[in-house]
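# the following block contains a protein sequence and its predicted model.
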Amino acid sequence: RPLPAGEIMALDVTNTHLALGSLVLVLVILVVLNVVMCRKLIRTRKGREVFVDWTQTLDEVEITVPLPDDKSSKDVECRVLPTSFFFAIKGLKPYPMLHGKLFKPVQSDQSNWQLWPVGAEPGKPRFVKVNLIKQKSSHWKDVLAPEED
């Protein structure tokens, strides 16, 4: 026999509450992961802001910088020392884009950079990806240490 309309409504409302609760939980988890895993590093150099994406795990930091179409790997200058970092793209300002003391020490001999995606077609967006391998597993608040006055 068919259920009265009121009982069907109650069942639908209960399922809706469960679905909304699950959806809210998933959204909260995604927002938290996004905040933890992907940050914008903003540096002001001589009045110009540089926007660089970076992510981290406990063992490494990955920095992603857009590479203009007219630039190649020969234009990238990247030096990683255990406690300092220098990154520039020849002909672009500000020069260098990033440099200074790292937030914490890295294994400079294990750190590297590459163009991504490898073998990108002309006209497609390309990036420079820098991988910094941390000396000790930890969470960094930023790529570079705060500047001292």
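Received, thanks. These numbers come from a predicted model, not from an experiment.

# correct me if wrong: residue 59 contacts residue 139.
No. Using C-beta atoms under 8 Å, residue 59 is not in contact with residue 139; the gap is 10.9 Å. (Each C-beta comes from the backbone N, C-alpha and C, glycine too.)

# what's around the nearest residue to residue 81 once chain neighbours are set aside, how many residues?
Distances taken as C-beta to C-beta, 6 or more residues apart in numbering place residue 108 nearest to residue 81, at 5.3 Å, with adjacent residues excluded. Neighbour count of residue 108, defined by other C-beta atoms under 10 Å: 18.

# same check, this time on residue 61
So residue 61, with other C-beta under 10 Å, has 22 neighbours.

# residue contacts, it?
When contacts are counted by C-beta atoms under 8 Å, 6 or more residues apart in numbering, residue 61 touches 54-55, 106, 131-132, 134, 140, 143.

# residue 94: which of these is nearest?
Nearest to residue 94 out of these is residue 143 (C-beta to C-beta; 15.9 Å).

# low-confidence ranges, this structure, go.
For the chain, the stretches with pLDDT under 70 are 1-50, 149.

# so where do the helices sit in this protein?
5-37 (DSSP state H).

# strands of that one, start to end?
Using DSSP state E, the strands of the chain run over residues 39-45, 48-56, 60-67, 76-80, 84-89, 98-101, 112-116, 126-133.

# list of residues touching the fourth one?
Residues outside strand 76-80 that contact it (C-beta under 8 Å, 6+ apart): 67, 85-90, 96, 106, 108, 111, 113, 115, 128, 130, 132.

# mind checking which of the strands of the chain is nearest residue 148?
strand 98-101 (8.8 Å).

# so for the closest one, what gets flagged as buried?
If you call a residue buried by 16 or more other C-beta atoms under 10 Å, then strand 98-101 has these buried ones: 98-100.

# from the contact counts, what lies against that strand?
Counting contacts by 3 or more C-beta pairs under 8 Å, 6 or more residues apart in numbering; DSSP states H and E, strand 98-101 packs against strand 84-89.

# so for the strand it packs on, what gets flagged as buried?
Neighbour counts over strand 84-89 (16+ other C-beta under 10 Å) mark 84-85, 87-89 as buried.
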